[in-house]
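K.L.:
what follows is a predicted protein model with its sequence.
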Amino acid sequence: QVQLQESGPGLVKPSETLSLTCTVSGGSISSYHWSWIRQPPGKGLEWIGYIYYTGSTNYNPSLKSRITMSVDTSKNQFSLKLSSVTAADTAVYYCAAYSHSNTWVKFDSWGQGSLVTVSS
Amino acid sequence: QSALTQPASVSGSPGQSITISCTGTSSDVGGYNYVSWYQQHPGKAPKLMIYDVSNRPSGVSNRFSGSKSGNTASLIISGLQAEDEADYYCSSYTSRSTLVFGGGTKLTVL
């Protein structure tokens, strides 16, 4: 399994853009699909979307207008940007992947999670 | 997209078996064999326990099993142990080429 590590600001102001990066180790980013999943405090999981190393993306329709995902193969990293955030976007954000085949519908590798709080 | 429906909580005594249901529609759970189950302990990332309805990843105890009937998938845990106490989430691929999770079930081992 690959190892994943999220990084980014823990506090974002309302209406601004949330930015997170996930660093992949133990494998090449030029394989597999790379996903983002979030979990508001005390609540369930929500799929945000995925990016393939070619740049192909698929986003949750409820968030699609605010999401941008990108991949940097030279750094073995992929990133998430979520614009116009509100308090409802406060959550632990996970990056995740399935490291045994090229699929995005299941995840056996997860980052430790990054808590992002939206507050002024 | 609506979340898949799971019971908010289930409980069982050590050694017993429990079942957690995950109900969707013919556009997700019922239409595809891409149901997964995750275990999440407090403050930890989810762990894949079952994939593709009934397959167990290497290293996951054979006390965990999965099945599906119609629009409802099930996670069965046999020989319940204290360490099984956690939150459990199902997920499914959907006809819109998206992924949807269940609302989660808190398992209490009495």
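P.N.:
Sure thing, it's come through.
K.L.:
so where's chain B shaky on pLDDT?
P.N.:
Residue ranges of chain B with pLDDT under 70: B:1.
K.L.:
strands of that one, residue ranges please.
P.N.:
Remark: strands assigned in chain B by DSSP state E are B:9-12, B:18-23, B:35-40, B:47-50, B:64-69, B:72-77, B:86-93, B:99-101, B:105-109.
K.L.:
would TSV of those with distance to A:Phe107 and mean neighbour count be doable?
P.N.:
C-beta here means a position set from N, CA and C on the backbone, and glycine is covered the same way. As requested, the strands of chain B are exported to TSV (distance: least, C-beta to C-beta, whole Å; neighbours: other C-beta atoms under 10 Å in any protein chain shown):
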stretch	distance to A:Phe107	mean neighbour count
strand B:9-12	23	15
strand B:18-23	16	20
strand B:35-40	8	26
strand B:47-50	6	22
strand B:64-69	16	17
strand B:72-77	16	22
strand B:86-93	9	25
strand B:99-101	9	24
strand B:105-109	18	18
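K.L.:
now do the buried residues in stretch A:70-88.
P.N.:
Of all the residues in stretch A:70-88, those buried under the rule 16 or more other C-beta atoms under 10 Å in any protein chain shown are A:71, A:76-80, A:82, A:85.
K.L.:
quick one: low-confidence parts of chain A?
P.N.:
In chain A (pLDDT under 70), no residue qualifies.
K.L.:
from A:Asp89, how far off is the most far-flung residue of chain B relative to its centre?
P.N.:
Taking C-alpha atoms, centre = their mean, the residue of chain B most remote from its mean C-alpha position is B:Arg96, at 21.4 Å. From B:Arg96 across to A:Asp89, the span is 22 Å (C-beta to C-beta, to the nearest Å).
K.L.:
and chain B, which residues reach chain A?
P.N.:
Contact residues, chain B versus chain A (C-beta under 8 Å from any C-beta of the partner chain): B:1, B:3, B:34, B:36, B:38, B:45-48, B:51-52, B:57, B:89, B:91, B:93, B:96-104.
K.L.:
mind running it again at 7 Å?
P.N.:
Counting by C-beta under 7 Å from any C-beta of the partner chain, chain B comes close to chain A at B:1, B:3, B:34, B:36, B:45-46, B:48, B:51, B:57, B:89, B:93, B:96-101, B:103-104.
K.L.:
what bridges to the residue nearest the centre of chain A?
P.N.:
Taking C-alpha atoms, centre = their mean as the criterion, A:Trp36 is the residue nearest the geometric centre of chain A, at 2.9 Å. On the basis of DSSP bridges, A:Trp36 takes part in beta bridges with A:Gly49, A:Cys95.
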